[in-house]
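Student: 3D model of this:
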Amino acid sequence: MTNDQLVGTGALLRLALRRDRVMMPVWVLVTTLTVASMPGALGKVYATAAERAAAAASMNANSSMRALYGPVFSDSLGGLTTWRIGVYGAVLAAVMSLVIVVRHTREEEETGRQELLSAAMVGRRAPLTAALLAALVANTCVALLVAGALAGQGASGALALGLALAGTGMLFAGMAAIAAQLTESARAAKAITAAVLGAAFVLKAAGDAGTAAGKSPLTWLSPLGWVENVRAFAETRWWVLALLAAAVVAQAGAAYALAGRRDVGMSFLPARPGPAEGRLGTAGALAWRLQRGSVIGWSAGFLIAGVVFGGMADGAADLVGGNEKTREIIERMGGQSGLTDAFLATMAGMFGLIAALYIVASVLRLGGEESGQRAEPLLANAVGRLRWAGGHLAVAFGGSALILLLAGLGLGIGHGQALAGTVGATLAQLPAVWMIGALAALLYGAAPKYAVAAWAVAGSALALGWIGPALNLPQAVLDLSPFAHLPKLPGAQSLAWAPLLTLTALAVAFTAAGLAALRRRDMLA
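Tutor: Okay, here's the model as predicted:
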């Protein structure tokens, strides 16, 4: 690779950082705060060394908990923080990195902006280099902030954990760079990288379920397994970080090699042309065709996760033991019913929070179709804007109902109880999920340039529902999330219809307002 192929890298990097001046700091802060909040929360739950040692022994003896979080290598607060949030912090870093790299590579080519830039003094591999450097900047910030936030638990362990999170982020940045060379669309590149991330989690979970020390070959096949095998705050294995670095270099090299063998806008896996008539004769059928892969993937994931979590419900009492603070956290998330019902209600709530991410992605597919100029040929014919947008919104809102229905079925099957209770618990999350989807529709219709803010809404709801109860945040803060107003099912003595109907009515109103704004504004405005 010659120097002239990197001409313009600095300018493209500055442009990328300027475009991501809001998104990148938000991702970095959310990841850092999620990790940094754990020592304080765990210190309240396990106040003494004896309680921490007993908790570590209990977690290591439970295969379901090992599958979710991995083994505990140290019963210090730092070690428990690594166990509880290390892998999930790595997932956040990975998602951040894949979004950054695809945004500044394949998405630029898909929209035609890269062709304009390449007409100037820009080297062939400069865009890819700038994208990887942007991801490196973000992951370096994560490493430094996590190391600084956890330094009080042990400087060496804090640095090891921070580097493990950043290394995982860069590993999936490299994976996204490869996917961006293979596919013609940014959505496909993100889907491929996300699928690899999901497979990595499944491999890690399967390996950890079988062994209590992270020694399973399946664990070592997963990059997320490498994060736990760094063993931060225990006997730190620095050589595992070298393994991560070597994998990053190898993937970057593969991405550079692929980038040098194709033309701008082309790919190694060209998209197949689809039929233009028959089942695709309506806007709704086209929307389903475009989004069916996503719906099927989310549905399978929710069903499998429901079965796994349902199987853990009967062991909730054993996991909590006599720790009243842990019991209070679970009951605060899942209601004041029996602990098993509270656990199931907590899981139903978590499915709702994650479903909010699905509906935002599905609604914002409208923006991708518009910016990619694929909507214009449709709207130039007899298809009206409302029919076009309505097809995608039907898939978004209907798909969220489907995945929550399957999650409820999975919980019931895994727990072995009547399906009506668990299905009702997950479907009760729909009004809040639809509320967030409606806000995304409103933002897209009224201010498409700021529609990405819908991710911040969904992310805030996820953060409040996930770590808010553990941090004992005031109820007034938790109430900012629409999910805080839903009945805690199963186990609630009576079903409160008022918040369900109110949230549903607001969702309808916001969606209608978004469609009305879309009808009035110029496309690509």
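Student: buried stuff in stretch 246-266?
Tutor: Using 16 or more other CB atoms under 10 Å as the burial criterion, the residues of stretch 246-266 that qualify are 247-248, 251-252, 255-256, 258-259. For every residue, glycine as well, the C-beta is placed using N, CA and C.
Student: closest to Asp479 among those residues?
Tutor: Nearest to Asp479 out of the buried residues of stretch 246-266 is Val248 (CB to CB; 42.3 Å).
Student: pull the number of nearby residues for Leu495.
Tutor: The number of residues packed around Leu495, counting by other CB atoms under 10 Å, is 10.
Student: in this structure it contacts Leu501, no?
Tutor: No - Leu495 lies out of contact with Leu501 (CB atoms under 8 Å); the separation is 11.3 Å.
Student: over to Gly445: give its phi and psi.
Tutor: phi -70, psi -40 (degrees, to the nearest 10).
Student: hmm, it is touching Phe510, no?
Tutor: No - if you go by CB under 8 Å, Gly445 and Phe510 don't touch, sitting 9.5 Å apart.
Student: one step back: include distance to Thr211, pLDDT and secondary structure when you put the buried residues of stretch 246-266 into JSON lines, please.
Tutor: Converted to JSON lines, the buried residues of stretch 246-266 look like this (distance: CB to CB, whole Å; pLDDT from 0 to 100; DSSP: H, G, I helix; E, B strand; the rest coil):
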{"residue": "Ala247", "distance to Thr211": "22", "pLDDT": "94", "secondary structure": "helix"}
{"residue": "Val248", "distance to Thr211": "27", "pLDDT": "94", "secondary structure": "helix"}
{"residue": "Gln251", "distance to Thr211": "27", "pLDDT": "92", "secondary structure": "helix"}
{"residue": "Ala252", "distance to Thr211": "32", "pLDDT": "91", "secondary structure": "helix"}
{"residue": "Ala255", "distance to Thr211": "33", "pLDDT": "90", "secondary structure": "helix"}
{"residue": "Tyr256", "distance to Thr211": "37", "pLDDT": "87", "secondary structure": "helix"}
{"residue": "Leu258", "distance to Thr211": "36", "pLDDT": "86", "secondary structure": "helix"}
{"residue": "Ala259", "distance to Thr211": "39", "pLDDT": "80", "secondary structure": "helix"}
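Student: between those, which sits nearest Glu109?
Tutor: Ala259 (10.8 Å).
Student: just list the residues touching the closest one, thanks.
Tutor: Neighbour list for Ala259: 124-125, 128, 181 [criterion: CB atoms under 8 Å, 6 or more residues apart in numbering].
Student: so it versus Thr140, what's the distance?
Tutor: 23 Å (CB to CB, to the nearest Å).
Student: repeat for Met175
Tutor: For Met175 relative to Thr140 (CB to CB), the value is 19 Å.
Student: okay, and which of the contacts of Ala259 map to helices?
Tutor: 128, 181 (DSSP state H).
Student: just for the protein, where's the confidence low?
Tutor: The chain contains residues with pLDDT under 70 at 1-4, 64, 114-120, 123, 263-281, 313-339, 417-418, 467-472, 491-494, 524-525.
Student: that one: strands as residue ranges?
Tutor: Ranges of strands in the chain, per DSSP state E: none exist.
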